[in-house]
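> Build me a structure from this.
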Amino acid sequence: MNTGTTELVISQYVGISLVLHLFIEHRSSPFKRCAGMVAICSMLLLTSLPSRGDDNTDRIMKTARAAIKKKNFQAAIKLCTEVIAKEPQNGDAYLTRGIALEWLDKSAAAAKDFDKGLNLTTPQSSVFFEQAANAYNDTRQTQKALKILDEGIRTHPASALFRDKGQILWQLGKRDESLACFEKAIEFAPKEYWIYADRANCYIQMKNWKSALADLNTMVKLRPTEPRTYAQRALVYETLGEKENATKDRVKAKELSKDAWFEP
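Got it, this is the predicted structure:
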């Protein structure tokens with residue numbers, strides 16, 4: 001709420017209170033009680049109006065979040081630090097700064113900010129849980145990463161949270177649980193290419209060639225111009241003894257590749 005709006009609302013509530021006072025003096029007791037309650041409610045609303053300082057903090061945090069969306073992470077960090085200096089108990093500022101730090105691969109600093117922010121407030125978006133888990137996993141705090149992902153899945157379920165959990169569980173050798181997470185991630189985002197890519201890699205490592213092929217076929221449908229998918233599918237075809245299809249995919253990968261280093 002800006003300053004002009006705040007002053008307008010204040011004047012409205014003051015006016016209401018004065019009018020009610022006049023009515024109370026000239027009405028019966030029941031009306032007095034009813035009008036008195038309305039007057040109290042109007043005063044409670046008046047005292048709950050945000051201060052100009054709160055307005056300024058909100059504007060700064062909004063600008064910080066916009067900076068992150070534009071990948072201007074240093075600007076976001078500077079803005080959040082400004083808020084923290086004035087309001088050291090502002091959990092949102094710590095969480096937002098943590099996201100910016102994690103994007104800059106400063107995972108240790110990000111993890112500390114997430115620790116502080118999560119102690120002060122509850123995240124209102126799956127993005128905070130996702131980035132916090134990334135920071136914890138990058139700093140080898142695997143169990144803490146899994147814990148924050150489980151909390152995020154419980155309160156703000158999203159494809160990215162299930163995918164991240166699946167990746168961590170795979171690293172821990174928990175294959176069945178990992179694949180179950182990827183399956184859940186696909187339910188939330190059935191057209192997300194990278195979830196199928198993760199699961200296809202898992203199937204390839206398990207030598208489950210037919211399941212890998214099914215995911216690679218889906219990947220080709222989702223991104224028909226991605227050369228690496230054809231190259232990977234060519235390897236699976238060759239393993240399955242389908243040499244003709246393997247050759248076709250290698251040719252296709254070569255045609256689509258614009259990177260000189262890429263050799264299917």
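> Quick one: residues contacting the nearest residue to Thr229 once chain neighbours are set aside.
Using C-beta to C-beta, 6 or more residues apart in numbering and skipping the chain neighbours, the partner closest in space to Thr229 is Met219 (4.7 Å). (C-beta placed from N, C-alpha, C; glycine too.) Residues near Met219 by C-beta atoms under 8 Å, 6 or more residues apart in numbering: Tyr193, Tyr196, Ala197, Ala200, Glu226, Thr229.
> Just among those residues, which is most surrounded?
Tallying neighbours with other C-beta atoms under 10 Å puts Thr229 at the head of those, with 27 neighbours.
> Quick check: pLDDT value at that one.
We have a pLDDT of 97 for Thr229.
> The one 3 residues further on now?
You'll see Gln232 listed with a pLDDT of 96.
> which residues touch it?
Gln232 makes contact with Ala200, Ile204, Leu216, according to C-beta under 8 Å, 6+ apart.
> May I see the buried residues of the strand or helix carrying it?
Taking DSSP states H and E as the definition, Gln232 sits inside helix 227-239. Buried residues in helix 227-239, counted by 16 or more other C-beta atoms under 10 Å: Pro227, Arg228, Thr229, Tyr230, Ala231, Gln232, Arg233, Ala234, Leu235, Val236, Tyr237.
> same question, stretch 125-139
Neighbour-count burial for stretch 125-139, counted by 16+ other C-beta under 10 Å, picks out 126-139.
> How about stretch 210-228?
Buried, per 16+ other C-beta under 10 Å, within stretch 210-228: Ala212, Leu213, Asp215, Leu216, Thr218, Met219, Val220, Leu222, Glu226, Pro227, Arg228.
> pretty sure the last one is in contact with Lys254, am I right?
No - Arg228 is beyond contact range of Lys254, at 11.7 Å (criterion: C-beta atoms under 8 Å).
> Include pLDDT when you put the contacts of Gln232 into CSV, please.
As requested, the contacts of Gln232 are exported to CSV (pLDDT from 0 to 100):
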residue, pLDDT
Ala200, 98
Ile204, 97
Leu216, 98
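> Of the residues you listed, which belong to helices?
Residues of the contacts of Gln232 located in helices (DSSP state H): Ala200, Ile204, Leu216.
> where does the stretch 151-264 of the chain dip in pLDDT?
The stretch 151-264 of the chain contains residues with pLDDT under 70 at 259-264.
> so where do the strands sit in it?
Applying DSSP state E, counting those that start in this stretch to the stretch 151-264 of the chain gives no strands.
> Could you report the separation of Gly117 from Thr63?
18 Å (C-beta to C-beta, to the nearest Å).
> So if I had to pick from the two, which one is more boxed in?
Neighbour count, other C-beta under 10 Å: between Gly117 and Thr63, Gly117 has more, with 25 against 12.
> thought the more buried one was touching Leu95?
Yes - between Gly117 and Leu95 there is a contact under C-beta under 8 Å: 3.7 Å.
> where do the contact lists of those two overlap?
With contacts defined as C-beta under 8 Å, 6+ apart, the residues shared by Gly117 and Leu95 are Pro123, Phe128.
> Quick check: Ala231 touching Lys248?
No - in this structure Ala231 lies outside contact range of Lys248 using C-beta under 8 Å: 11.8 Å.
> quick one: contacts of stretch 222-230?
With C-beta under 8 Å, 6+ apart, stretch 222-230 has contacts from 191, 193, 196-197, 216, 219-220, 249-250, 252-257, 262, 264.
> for the buried residues of stretch 125-139, which one is nearest Ala180?
For these, the residue nearest Ala180 by C-beta to C-beta is Ala133; the value is 17.4 Å.
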